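Dropping a prediction and its sequence here:
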Amino acid sequence: MTVVTRFAPSPTGYLHIGGARTALFNWLFARHHGGTFALRIEDTDLKRSTQDAIDKIYQGLEWLGLDWDGAPVSQSANAPRHVEVAQQLLADGMAYHCYCTPEELAEMRENARQNGGSTRVYDGRWRDRGPSEAPAGIEPVIRIKMPLDGETTIRDLVQGEVTRTNDTLDDFIILRSDGTPTYMLAVVVDDHDMGATHVIRGDDHLNNAFRQYHLYKACGWDVPEFAHIPLIHGADGAKLSKRHGALGVEHYAELGILPEAMRNYLLRLGWSHGDDEEISTAQAIEWFNLDSVGRSPARFDMDRLLNLNAHYLKEADPAGLAAQVLARARESADKTLSPDAQARLEKGMAGLAQRANTIPDIVDSASLYLFDAPLDFTDKATAALADAEARERLGELAEIFAGLGAWTEENLDAAVRNYAESRDIKLGQVAQPLRAALTGSNVSPGIFEVLSVLGREESLKRLQLVTE
RNA sequence: GUCCCCAUCGUCUAGAGGCCUAGGACACCACCCUUUCAAGGUGGCGACACGGGUUCGAAUCCCGUUGGGGACGCCA
């Protein structure tokens, strides 16, 4: 049997972090089994669905690198099919018309609350009434018949066996009075029609699985495998929501998080493979299974994401990073970039990336490469250059640099060390002023690397500006 | 309120009866390395929610308590 999984977000906002993880797990599971991963947009609530939100989902998935198979399915386009199934269920006696008004329903809800708070709200009052009793002027909904007694057991691939007595299940609506299908009907019909073999989704749908189970049965269809994965919680332990600042994945892209870091982070949230932490996507596809998905919810931890991002930043292609840094710098810079910026960035990227958690971190620290002299100086850099003796040494160093042979890190290193030795001072006493002069800061990559990346001409220019 | 789920360091987790004086990672602290800051290395702090069972033996199995979460729409 070929595995078919699906990710079915409702386009009411952006692709949030929880949805992204659900998508990732579905994608990983499908890829692991050589199956297909489908995308379905649950846009049956036309009032809340927007094209903008749909685009955000595509973009988010693309950014994450989760490619779906085939064209995305628009659930609203399947409405006629959903209606057809509802009518068939009606004809088969598995469903019935219900003429209750919203007021009656509200009353029943109130009643259920009073009398023990039962989960079963609708009392089934139209279940056995004939159409002849239908009140005039009321468009009925169609409700599905749930079993009245016994119990239902779902064999969930993550949660194990979960049993619920059927008296907690009420006859839910599958077709609204305006003739449109409800979510409950639409999911079941679409999943069946798409051939979904595994429904991997958030824990919050576990309760729905019981209702959907009986809908499958009523239709005479095979019930897919279910895997309800725990939700992601905020730092306070409650379901991640907007009030936690739960943001769309594009927000993390904006923050300078790498997609591979996000994938790794999301994967390890609720899934594990022994003590492995840094897991490549190829490795994840090879290892992923539902058995190793935990059953308890995990909290979102930005520190961990940042740490993973730092790791992937070090592994990233320097040229690619340089391009991103350059693009961001062009947007935010108030000065014109050096014509040599890109070349310097590519050469010095390893030194920069090693010190950063995010791409914006690099943009900040890269200003020494991005712009030509004259530099902006931090207070600490200015202080380091306040000493006349230090400036004098820089002047001497400049002369040495001017006469240096090949402009390499090794030669630079040797030259500066020799100089310090000849003056009987510590390397730091000359390296720090040198750093200040070259970078405008007291913090930077290794000073010989900086010298090397900057080149002789620019280095001398910067030294001249502080010594004259 | 009713139903369902969950419960190991602050956080993510390893652990599927003896390998556990509970391991790893993030964060934090210290030290080393060192031209700054990082990175890296070493070490430290730090958890089996509680109570009963079952068993020669329980973090692991069972029951209960407590705590947390989710679901109870003509939303998805």
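On my side now, so go ahead.

In chain A, what residue lies closest to RNA strand B?
residue A:117 (2.1 Å; Cβ to the nearest atom of the strand). For the C-beta atoms, the positions are set from N, CA and C on the backbone; glycine is no exception.

Mind checking what secondary structure that residue has?
coil (DSSP: H, G, I helix; E, B strand; the rest coil).

Can you get me a residue count around it?
7 (other Cβ atoms under 10 Å).

Could you do residue A:185 as well?
Neighbour tally, residue A:185, other Cβ under 10 Å: 28.

now do residue A:3
Residues near residue A:3, counting by other Cβ under 10 Å: 17.

list the contacts for it?
A:29, A:30, A:33, A:34, A:35, A:36, A:197, A:198 (Cβ atoms under 8 Å, 6 or more residues apart in numbering).

Could you list the residues in contact with the helix or strand hosting residue A:344?
Secondary structure assignment for residue A:344, by DSSP states H and E: helix A:341-353. Outside helix A:341-353, the residues that touch it by Cβ under 8 Å, 6+ apart are A:313-314, A:316, A:318-319, A:321-323, A:325-326, A:329, A:338, A:362, A:365-366, A:369-371, A:445-446, A:449-450, A:452-454.

ok, and which of those residues reach RNA strand B?
Restricting those to those touching RNA strand B (Cβ under 7 Å from any atom of the strand) yields A:314, A:445, A:446, A:449.

any chance of these in a markdown table, with secondary structure too?
Below are these laid out as a markdown table (three-state DSSP):
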| residue | secondary structure |
| --- | --- |
| A:314 | helix |
| A:445 | coil |
| A:446 | coil |
| A:449 | helix |
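
Show me just the buried residues among these.
A:445, A:449 (16 or more other Cβ atoms under 10 Å).

what sits opposite residue A:164 in the beta ladder?
For residue A:164, the beta-bridge partners are residue A:152 (DSSP bridges).

Quick one: check the helix or strand of chain A with the lowest mean pLDDT for contact with RNA strand B.
In chain A, no helix or strand scores lower on mean pLDDT, DSSP states H and E than helix A:102-114, which sits at a mean of 85. Yes. Judged by Cβ under 7 Å from any atom of the strand, helix A:102-114 and RNA strand B are in contact via A:102, A:105, A:109, A:112, A:113.

Hmm, the second one is touching residue A:122, no?
What that stands for is residue A:105. Yes. With contact defined as Cβ atoms under 8 Å, residue A:105 counts as touching residue A:122 (7.2 Å).

The two: which has the busier surroundings?
Comparing residue A:105 with residue A:122 by other Cβ under 10 Å, the one with more neighbours is residue A:122, at 20 against 15.

OK, contacts around that one?
Counted by Cβ under 8 Å, 6+ apart, residue A:122 has contacts A:98, A:100, A:105, A:108, A:143, A:170, A:171, A:172.

again, only this time at 10 Å
A:98, A:100, A:104-105, A:108-109, A:112, A:143, A:146, A:170-173 (Cβ atoms under 10 Å, 6 or more residues apart in numbering).

repeat for residue A:436
Here residue A:436 is in contact with A:375, A:377-378, A:380-386, A:390, A:394, A:442, A:444, A:466 (Cβ under 10 Å, 6+ apart).

Mark which of the residues you listed are buried, thanks.
A:375, A:377, A:381, A:384, A:385, A:390, A:394, A:442, A:444, A:466.

Export those to JSON lines and append columns for secondary structure.
As requested, the buried ones among the contacts of residue A:436 are arranged in JSON lines below (three-state DSSP):
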{"residue": "A:375", "secondary structure": "coil"}
{"residue": "A:377", "secondary structure": "coil"}
{"residue": "A:381", "secondary structure": "helix"}
{"residue": "A:384", "secondary structure": "helix"}
{"residue": "A:385", "secondary structure": "coil"}
{"residue": "A:390", "secondary structure": "helix"}
{"residue": "A:394", "secondary structure": "helix"}
{"residue": "A:442", "secondary structure": "coil"}
{"residue": "A:444", "secondary structure": "coil"}
{"residue": "A:466", "secondary structure": "helix"}
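
Strands of chain A, residue ranges please.
A:4-7, A:36-41, A:73-74, A:95-98, A:141-144, A:151-156, A:160-165, A:173-175, A:198-202, A:225-229, A:232-233, A:298-299 (DSSP state E).

one step back: okay, the buried ones among the contacts of residue A:436 in JSON lines with pLDDT and distance to residue A:308 next?
Output for these, formatted as JSON lines (pLDDT from 0 to 100; distance: Cβ to Cβ, whole Å):
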{"residue": "A:375", "pLDDT": "91", "distance to residue A:308": "33"}
{"residue": "A:377", "pLDDT": "94", "distance to residue A:308": "34"}
{"residue": "A:381", "pLDDT": "93", "distance to residue A:308": "32"}
{"residue": "A:384", "pLDDT": "90", "distance to residue A:308": "35"}
{"residue": "A:385", "pLDDT": "90", "distance to residue A:308": "38"}
{"residue": "A:390", "pLDDT": "93", "distance to residue A:308": "41"}
{"residue": "A:394", "pLDDT": "95", "distance to residue A:308": "40"}
{"residue": "A:442", "pLDDT": "94", "distance to residue A:308": "29"}
{"residue": "A:444", "pLDDT": "97", "distance to residue A:308": "25"}
{"residue": "A:466", "pLDDT": "86", "distance to residue A:308": "40"}
